[in-house]
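Q: Sequence and predicted structure are below.
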Amino acid sequence: MALFLLVIRATHAGALWRDECAMVNLARMPSVADIGRNFQHEAFPVPFPILIRAYTNVFGDSDIALRCFGIGAGIALLGALWFSAYTTGRGPPLISLALLGLNTTFLFWGTTVRGYGLGSALIILAFSSAASVMIKASPARIILAAVVSVAAVQCLVHNLALIFALAASAAIVCLVRHDPRRLIIFLSILGLCMLSFVPYLNAYSNSWSQVVEFPVRSRLLWNQFNFALGNPKPAVAWFWHSAFIVLLATSVWKLYRLRFSRPVPEWNLLLFASLAAIAAPIAYYEFLQTLSYLTRSWYFLALVSMLAVALDCLAQFLSSAISIRFGRLIFAAIALIILPINGWPKIIERQTNIDIVADKVTKLAKPVDLIVVAPWQYGISFQRYYHSNTPWITLPAIPDLRVHRYDLFREKMLSPRPIDDVLERVRQTLAAGNRVWVVGGIKLPPESRAPSSLPLPPNSSAGWDNVAYSDSWMQQLGAFVRAHSEHGQTVPLGSSGPINNFEDVPLVVVNGWQ
């Protein structure tokens, strides 16, 4: 069922949305050195865009080829679940296949051309390789654990927090067991991962990151975490909550019962998986607090993957109890019925309609017209799909739209007249009797109120909030168009099915001058 849903997702996703386009643009820059100079704008370490570069060199950068990459990332994650089950040798991964393989966040966001899907597969492999070292600390297993852990961190920054949770959990087991050799091994792997991240510290410590920082509160993180578990209906998150409570409570009870005999490796792995299931959310919470970005559901995919494989490990080692074995089967059977039905409306959504908008503008706009893309982030994906001779500009005018250049946006925030050039282009076009096409729609302030106008940061109430400034400038454009144009209407785009609300882009055309 998980494989079937992966294919359904790939065939319904359609065009690439702006985050995916930016990653492809980064990967396809003229040289690897250019990737090294710009990778911090897309939040993934250098090896991941290089991987995309290698993939597109072989298979091309068409939408179909890149959707196949997404299927490959999904299959890699499912394969990692089976490998983890094979490592512990206690039967099929029923719990993790149910919780993760049928999870809508995985099926939707784990298959995009970003590092979340592959990074999640690697953190699952890091868990299973650590478990294998717990069973037998052979040189081959130690090397595999080290390589996989470093690869996980180099694919997805978020995994650094999870590797820390894994190392801390393993270290506690080693201390309880009085096993200094394995303790040194796990701490060395953690140190190697942290050392591999050192070259990125200067790149991520930059002044422009303040414009994307956001006050991260516990309630927001909890809500987004639950949404990631139950997307698109957060109530489905109770599948996860029930599995977590039952399996963790049962494992604690069994650990207590075996506290004197402590059989190897059962007791070690039960304690390791239990500690990992507790430590991972705590470490991830601290990471997201430090990151201070507006948290989205796909940020939690690596954590969700880690929890799924940890719970599966617990279920496998508790399966000697007949009640747990039957409970696991019943749980998987119910999930197999409910979760695909829950996720189906989301799975068949288009990732974006920017390609439809670009096609519509190509057919209707004339070379003397003007296209304004607002907000500017839409310009990253619009640039990929628009191939005509009508001039276009973003609001504000950002000269480099290959990646998310928030450093250039910050310069606009510090400019005394950040959108005058755009308004002047709009005025000239309308005054000449031509049309202005607004990709992204127009944001109109109330009739009786002037558009929002924020002073230079950080002196405004908005601080460095890029969304507040972007909304303010869109209101100013809307007020200008309302005051000086004679006609305006929304352009029908035709029926294209459900569209992801992160890039469901309207199209408006205005003309006339007054």
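A: Received it, and whenever you're ready, just let me know what you need.
Q: how about the helices of the stretch 251-400 of the chain, start to end?
A: 266-291, 301-317, 322-347, 354-364, 378-385 (DSSP state H, counting those that start in this stretch).
Q: Please render those as a markdown table that adds mean pLDDT to the earlier fields.
A: Formatted as a markdown table, these follow (pLDDT from 0 to 100):
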| stretch | mean pLDDT |
| --- | --- |
| helix 266-291 | 94 |
| helix 301-317 | 93 |
| helix 322-347 | 90 |
| helix 354-364 | 96 |
| helix 378-385 | 97 |
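Q: tell me the domain boundaries of the chain?
A: Domain assignment of the chain by automatic domain parsing yields the ranges 2-196+214-347, 354-511.
Q: With respect to residue 204, which of these lies nearest?
A: Residue 204 lies closest, by C-beta to C-beta, to one member of these: domain 2-196+214-347, at 5.8 Å. (Glycine included, C-beta is placed from N, CA and C.)
Q: Do me a favour and get the end-to-end distance for that closest one?
A: Terminal residues of domain 2-196+214-347 are spaced 12 Å apart (C-alpha to C-alpha, to the nearest Å).
Q: now it, how far from the centre of its chain.
A: Centre-to-centre, domain 2-196+214-347 and its host chain are 13 Å apart (C-alpha atoms, centre = their mean, to the nearest Å).
Q: Helix or strand, whichever it is, which one in this protein has the lowest mean pLDDT?
A: helix 201-204 (a mean of 79; mean pLDDT, DSSP states H and E).
Q: measure stretch 35-47 end to end?
A: 10 Å.
Q: so what secondary structure elements neighbour the least confident helix or strand of the chain?
A: Helix 201-204 sits against no helix or strand, with contacts defined as 3 or more C-beta pairs under 8 Å, 6 or more residues apart in numbering; DSSP states H and E.
Q: contact partners of it?
A: Helix 201-204 has contacts (C-beta atoms under 8 Å, 6 or more residues apart in numbering) with 39-40.
Q: Can you add distance to residue 203 and mean neighbour count and give the domains of the chain back as CSV?
A: Listed next are those as CSV, based on distance: least, C-beta to C-beta, whole Å; neighbours: other C-beta atoms under 10 Å:
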stretch, distance to residue 203, mean neighbour count
domain 2-196+214-347, 4, 20
domain 354-511, 12, 17
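Q: Arrange the ones you listed in TSV, one row each, with distance to residue 202 as further columns.
A: Below are these laid out as TSV (distance: least, C-beta to C-beta, whole Å):
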stretch	distance to residue 202
domain 2-196+214-347	9
domain 354-511	15
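Q: Compare the ones you listed and report which one is nearest to residue 208.
A: domain 354-511 (3.8 Å).
Q: Which secondary structure state does residue 424 sit in?
A: Assigned with DSSP: H, G, I helix; E, B strand; the rest coil, residue 424 falls in the helix class.
Q: pretty sure residue 491 is touching residue 509, no?
A: Yes. Residue 491 is within contact range of residue 509, at 5.6 Å (criterion: C-beta atoms under 8 Å).
Q: Now do the shared contacts for those two.
A: 364, 437.
Q: Could you measure from residue 447 over to residue 513?
A: Counting by C-beta to C-beta, to the nearest Å, the separation of residue 447 from residue 513 is 20 Å.
Q: Sorry, slip of the keys, the one I care about is residue 403.
A: 36 Å.
Q: Repeat that for residue 269.
A: The value you get for residue 269 to residue 513, if C-beta to C-beta is used, is 74 Å.
Q: tell me the SS of residue 45?
A: On the basis of three-state DSSP, residue 45 is classed as coil.
Q: Excluding covalently adjacent residues, which one is nearest to it?
A: residue 154 (4.9 Å; C-beta to C-beta, 6 or more residues apart in numbering).
Q: what pLDDT does the residue nearest in space to the middle of the chain get?
A: Closest residue to the average C-alpha location of the chain: residue 298 at 3.8 Å, with C-alpha atoms, centre = their mean. Looking at residue 298, its pLDDT is 94.
Q: quick one, what contacts the spatially closest residue to it that is not a sequence neighbour?
A: Distance criterion C-beta to C-beta, 6+ apart; nearest residue to residue 298, sequence neighbours excluded, is residue 109 at 3.7 Å. Residue 109 sits next to 116-117, 297-298, 301 when contact means C-beta under 8 Å, 6+ apart.
Q: Against residue 364, how distant is residue 109?
A: 33 Å.
Q: next one: residue 323
A: 65 Å.
Q: right, and the residue nearest to residue 45 touches residue 48 too?
A: Yes. The pair residue 154 and residue 48 passes the contact test of C-beta under 8 Å, sitting 7.5 Å apart.
Q: In terms of pLDDT, where does the residue nearest to residue 152 when sequence neighbours are not counted sit?
A: Residue nearest to residue 152 in three dimensions, not counting chain neighbours: residue 122, with 3.8 Å by C-beta to C-beta, 6+ apart. Residue 122 carries a pLDDT score of 97 in this model.
Q: The one 3 residues further on now?
A: Reading off the confidence values, residue 125 has pLDDT 97.
Q: Show me what the helix or strand containing it is packed up against.
A: Here residue 125 sits within helix 116-135, counting by DSSP states H and E. Where contact means 3+ C-beta pairs under 8 Å, 6+ apart, helix 116-135 is packed against helix 47-59, helix 63-88, helix 104-109, helix 139-155, helix 159-177, helix 180-197, helix 266-291, helix 301-317.
Q: about what we covered before: now do the same contact list for the residue nearest to the centre of the chain.
A: With C-beta under 8 Å, 6+ apart, residue 298 has these contacts: 105, 109-110, 112, 114, 116, 228.
Q: Could you do residue 339 as well?
A: Counting by C-beta under 8 Å, 6+ apart, residue 339 has contacts 98, 102-104, 236, 239.
Q: Let me know the distance separating it from residue 106.
A: Counting by C-beta to C-beta, the gap from residue 339 to residue 106 is 11 Å.
Q: ok, back up a step: distance of the residue nearest to residue 152 relative to residue 150?
A: With C-beta to C-beta as the criterion, residue 122 and residue 150 are 9 Å apart.
Q: I'd like the helices of the stretch 251-400 of the chain as JSON lines, with distance to residue 505 appended.
A: Putting the helices of the stretch 251-400 of the chain into JSON lines (distance: least, C-beta to C-beta, whole Å) gives the following:
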{"stretch": "helix 266-291", "distance to residue 505": "28"}
{"stretch": "helix 301-317", "distance to residue 505": "25"}
{"stretch": "helix 322-347", "distance to residue 505": "19"}
{"stretch": "helix 354-364", "distance to residue 505": "5"}
{"stretch": "helix 378-385", "distance to residue 505": "6"}
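Q: Just tell me which of the ones you listed ends up closest to residue 90.
A: Closest among these, once you apply C-beta to C-beta, is helix 301-317, at 3.4 Å.
Q: can you give me the angle that closest one makes with helix 116-135?
A: Orientation of helix 301-317 against helix 116-135 (axes from the mean of the first three to the mean of the last three C-alpha atoms, to 10 degrees) gives an angle of 40 degrees.
Q: could you dump helix 301-317 to CSV, C-alpha only?
A: Provided in CSV are the C-alpha atoms of helix 301-317 (Å, rounded to 0.1, in the frame of the first residue of the first chain):
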residue,chain,number,x,y,z
LEU,A,301,9.6,14.2,9.2
ALA,A,302,13.0,13.1,10.5
LEU,A,303,11.8,13.0,14.1
VAL,A,304,8.7,11.1,13.0
SER,A,305,10.9,8.6,11.2
MET,A,306,13.1,8.2,14.3
LEU,A,307,10.1,7.6,16.6
ALA,A,308,8.5,5.1,14.2
VAL,A,309,11.6,2.9,14.0
ALA,A,310,12.1,3.2,17.8
LEU,A,311,8.5,2.1,18.5
ASP,A,312,8.9,-0.7,16.0
CYS,A,313,12.0,-1.9,17.8
LEU,A,314,10.1,-1.9,21.1
ALA,A,315,7.2,-3.8,19.5
GLN,A,316,9.5,-6.4,18.1
PHE,A,317,11.2,-7.1,21.4
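Q: Quick one: list the elements packing against it.
A: Against helix 301-317 (3+ C-beta pairs under 8 Å, 6+ apart) you get helix 63-88, helix 94-96, helix 104-109, helix 116-135, helix 159-177, helix 218-230, helix 238-257, helix 266-291.
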